[in-house]
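S.K.: Return atomic coordinates for the entry below.
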Amino acid sequence: MTTDISRLRQQAGKLKKRRGELEDHALRAGAMVRGSLLELMRKCGKPGCKCLRGELHGPNYYLSLPKPGKRSRMIPVPRDRVKTIRSLNARYHDFQHAMTEIRRLNEEIESLLLAVREEQLGLGKGKVELPGLPPA
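M.R.: Numbering: from 1, shown residues only. Have a look, this model is predicted:
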């Protein structure tokens with residue numbers, strides 16, 4: 001049984017190390033912008049315009065910000081700011097990915113800790129006798 005506990009501890013240690021790396025990465029993320037950067041081609045609707053023949057205008061860039069229970073808010077992004085917004089937005093998505101992975105690792109670590117507890121309870125059976133309690 002002690003080899004099982006040792007194996008479980010090693011697995012938990014590896015997961016904790018990975019979680020620490022993700023936490024460090026998230027803590028150093030720096031400035032970020034929420035939402036999604038969209039590149040859209042549009043029709044203007046003017047009679048005789050090339051867009052009516054399929055040659056759309058653009059690309060135009062927008063930052064789409066989600067609003068719970070409502071339509072997303074679309075903020076126009078000037079062309080000279082697209083590169084900066086794209087970089088800041090990528091940081092946000094990296095941060096969100098790290099948070100998701102940290103939650104998954106926490107669940108795995110908890111599962112291993114519960115398994116260690118069960119193994120250790122098994123080791124303690126019959127070793128402790130207390131007055132008033134039935135023998136294990």
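S.K.: Would you check that residue 105 makes contact with residue 19?
M.R.: Yes - between residue 105 and residue 19 a contact is recorded at 4.5 Å, counting by C-beta atoms under 8 Å. C-beta: built from backbone N, CA, C; applies to glycine.
S.K.: Residue 75 looks like it's in a helix, true?
M.R.: No - applying DSSP: H, G, I helix; E, B strand; the rest coil, one finds residue 75 to be strand, outside a helix.
S.K.: hang on, isn't it packed against residue 60?
M.R.: No - checked against C-beta under 8 Å, the pair residue 75 and residue 60 is beyond contact range at 11.6 Å.
S.K.: Just give me the longest helix of the chain.
M.R.: helix 82-124 (DSSP state H).
S.K.: roughly how far out does that one sit from the chain middle?
M.R.: Chain-centre distance of helix 82-124: 8 Å, with C-alpha atoms, centre = their mean, to the nearest Å.
S.K.: quick one, it and strand 73-77 angle?
M.R.: Put simply, helix 82-124 runs at 130 degrees to strand 73-77, going by axes from the mean of the first three to the mean of the last three C-alpha atoms, to 10 degrees.
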